[in-house]
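> need a structure here:
(2 chains)
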Amino acid sequence: MLPLDLYDSIESAWCPGCGNFPMLKAFKEALAELEIRPEEIVVVSGIGQSSKFPHYLKCHTFNGIHGRTLPVATGFRLVNRDLKVMAVAGDGDCYGEGGNHLLAAFRRNPDITLVTHNNQVYGLTKGQASPTSDQGFKSPLHPQGVPYPPLHTLALAVAQDCSWVARGFAGEGEHLKNLYKQALTHKGFSFLEVLQPCVSFNKINTYKWYQQRVYRVEETPDYDPENELWAYQKAKEWGERIPLGVIYRKVRPTLEEAYPRLAVKSLAQPESTPPISRLLADFY
Amino acid sequence: MAIDLNILIGGAAGQGVHAISLPLAKALVRHGCQVLVRQDYQSRIRGGHLFNVIRVADSPLLSSREGVDLLVALNQETVTLHQGELAKGGILIYDATHVKEVPSGVRALALSHDALLPGTQAGEIAVNAGASGAILGLLQVPVAGLVKLLADTFADKGAEVVEWNRQAASRGHELGGAEPLAVNLAGIAAPPEPGLLISGHEALALGALTAGLKFICGYPMTPWTSLFNAVSQRAAEWQVVVEQAEDEIAAINMAIGASYAGARALTGTSGGGFCLMTEALGLAAMTETPLVIVVSMRPGPSTGLPTRTDQGDLQFVLHAGQGDFPRAVLAPGTPAQGYGLMAKAFNLADRYQLPVFLLTDQYFGDSQLTHTAKEFPEVAVERALSLETTTPYERYALTPDGISPRRLPGLGPGLVVADSDEHTPDGHLTEDLTVRVQMQEKRLRKLKGLVQELGGLTTAGAEGAPLTLACWGSSLGPVHEAVTRLNREGTPARMVHLSELWPFPREVVAGALAPARKLVLVEGNATGQLNRLLRQETGLQADHLVLRYDGLPFTPEYILGELKGSV
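Got it, this is the predicted structure:
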């Protein structure tokens, strides 16, 4: 167990009461318990309130652009096998702007942990609907309500055999911490979606709204996360009851196993490069 | 030039145009000839019309030219489209199965499967190998070299296929050799150094590999794909990570992630693919992540002419992305120059921590030129990394030259914090507007050092001639030859070719153009994009523009034709 203040960074600009705070706390606890030091993890983020996460945590950080968290993290992972790699994104960032990259990541199975902060609304741009907003959700751009249903993100993950799929809730810190720990130690692409209430712009999906619906799926009698059909049913469950916990697990080879392993030191100080005479031999 | 022959091989896609040209061109190089192969193809998988032109000479070639001396027609359409280009005394070699109408008054040599390989199921092999053999026979080049090349090429198809190739090539050689051309290659002396035949994109691939490339990522798009292929085919041997991205946006972002991790990373694309990459171009600049980007131009706007050539993206690449940020733009003129510039691109990207472009096009990328190994020297790998491990570390430390010491995540305890937001020296996002000004100035300060490293002029022709033809990128060869012909015909002329375009080496270019009394800019676009850049940076501008934007590369004949009446 490492001291929690090891991860202290700059002061946050999140709204008071934001669901990001308990997430950051739970994540720091997970790192401390796993004894992952700040210099042993890189956190890649995009744009949105959730993407400020790595700034408020001491770690290697790459805060890129909206929607492109996963490609940057994947490029990093293919080159560096030593550090833990985590991608952090919001629902707009990962499911809207970056949807194609999410589908590709499910297929590739890089050893990356993706954590999405899902508050079902765009916070930073002040209250528009997100890909996970429920049908009928009213926003400045949808005064009559969103006319179509939300993206079933976890069901997409299961359908594509994402190797580890779970849902957490910012209001259940201890449970969330354990999910973080499992995600960080899973070998392959771990997809953890966290219900994270936006106290400023989502007056529907509040802490209370979630608290009334969530339940721990691992405590149900038929819990069977290696069973794809069971997992699919749980992944689509939304509304009156919302399952929390690990929903699907599948052992798959990781992306980087198909590629040469590059040592960081050899990248910094290349000992040798291909001799041009060898390369030219093909052209005579 | 005593010997200068153009061999055009045309047919439908899938008929074997490449199967004829590539071994034939190599055989001619091995024989000691100078060879240049240009490819012209349509955006389709089967059918249509495509052709390669093999230009063969006894002195160095930098350009393709117009006219046809030997026309190999695998279908009737090739005859229809190209018979008008056939020079006096030229020969038509045709596949008698597919070509039924042969123009009168043209010497013609018919080939057919049943005459070349009777009683076999050799298919297209017969005429393809037969045509190559016939050409060598006509030019009085021994067939043994071709037979060996075909055997190597088809080794994995089995002994029978190799034997069919041998028989067809030999039979074709006899047919062609029965009545050889007056101009022939029998007397070509073996060069002091063996020639090698290499395309622009293959040379860039070699440049990247010798520069220590460790990560390449892209999405297929013509004409960039040939470079992506050339690297990928060699990647396993040299421990390079190759990833085909889900789109160009992912490609450039992955390359940025790989570069942040410490790999020398390359991405590339063409046309609309680069439109998709522009947002992340700014990300590389803002996070000061080294990145080499190949933009292989084709005629736009939008989908345009996917498989043709163009130089219309210079101003786009110079200006792509929101805000002011430093970048470098290089545009090679020959494969060997491209090889050297690729190594330079990586060193500049690392030293100045910014995106560096290599601008190519279909003509540059696909055309194969004869070079020698001497033109491909070993290159220096200068990673310019800080290997210190002290903490705390400031990724964006303010420095006089704008270059902050760069470290890699995982190499020592210092935390590497990179941000696309405006950021403090330690990499965290900020809205302190004083810091914003400091950081914007720091990034732009890098240009001062960078421009000192650029020059990249190639000149040819009469020193101090009043007529100067300026050009950039792939136009080097055609302009070079046009200038050579002008001088030979009594008009003193000079070429100034720019291969390093941004930051614009003002003093070097202005100095080189000072003697020009009549300045002509030769560009493969519709508006004179280098001319605009030249005027912006030096106040100089062209007296006359020679532009081409029909999708075809410049030829010396085209340039000379456009100059007629104005010089």
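
> Tell me the residues of the stretch 1-150 of chain A that contact chain B?
Proximity of the stretch 1-150 of chain A to chain B, by Cβ under 8 Å from any Cβ of the partner chain, involves residues A:9-10, A:38-39, A:42, A:44, A:47, A:52, A:54-55, A:58-65, A:67-68, A:70-80, A:82-83, A:100-101, A:103-104. Backbone N, C-alpha and C define where each C-beta goes, glycine included.

> and with 6 Å instead?
Those residues of the stretch 1-150 of chain A that sit near chain B, judged by Cβ under 6 Å from any Cβ of the partner chain, are A:10, A:39, A:42, A:55, A:60-65, A:68, A:71-72, A:74-76, A:78-80, A:82-83, A:100-101, A:104.

> since we're on whichever residue of the stretch 451-567 of chain B sits closest to chain A, how many residues are nearby?
Distance from chain A to each residue of the stretch 451-567 of chain B (Cβ to the nearest Cβ) is smallest for B:G477, at 18.3 Å. Neighbour count for B:G477, taken as other Cβ atoms under 10 Å in any protein chain shown: 26.

> Dihedrals phi and psi, it?
Torsion angles at B:G477 (phi, psi; degrees, to the nearest 10) stand at phi -60, psi -60.

> Low-confidence regions, chain B specifically.
B:1, B:567 (pLDDT under 70).

> Next, the contact list for the residue of chain B at minimum distance from chain A, please.
Residue nearest to chain A within chain B: B:G257 (2.9 Å; Cβ to the nearest Cβ). Contact analysis of B:G257 by Cβ atoms under 6 Å, 6 or more residues apart in numbering or on different chains lists A:72, A:75-76.

> Kindly recompute the last result at 10 Å.
Listed by Cβ atoms under 10 Å, 6 or more residues apart in numbering or on different chains, the contact partners of B:G257 are A:42, A:44, A:62, A:64, A:68-80, A:85, B:215, B:217, B:263, B:265, B:289.

> show me the contacts for the residue nearest to A:T206 when sequence neighbours are not counted.
Excluding the flanking residues, the one nearest A:T206 by Cβ to Cβ, 6 or more residues apart in numbering or on different chains is A:P197, at 5.5 Å. Contacts for A:P197 were tallied using Cβ under 10 Å, 6+ apart; they are A:17-20, A:22, A:118-121, A:169-171, A:204-211.

> Verify the contact between B:S112 and B:K100 for me.
No: using Cβ atoms under 10 Å, B:S112 makes no contact with B:K100, being 11.9 Å away.

> out of the two, which sits in the more crowded spot?
Shown here are B:S112 and B:K100; by other Cβ under 10 Å, B:S112 has more neighbours (17 against 9).

> Any figure for the gap between the more buried one and B:I7?
Distance of B:S112 to B:I7, given as Cβ to Cβ, to the nearest Å: 20 Å.

> got it, and B:H201?
22 Å.

> what's the helix or strand for A:K177?
A:K177 belongs to helix A:173-185 when assigned by DSSP states H and E.

> That helix: how far from the chain's middle?
Distance, stretch centre to chain centre, for helix A:173-185: 12 Å (Cα atoms, centre = their mean, to the nearest Å).

> After it, which helix or strand is next?
With elements assigned by DSSP H and E, the helix or strand that comes after helix A:173-185 is strand A:190-195.
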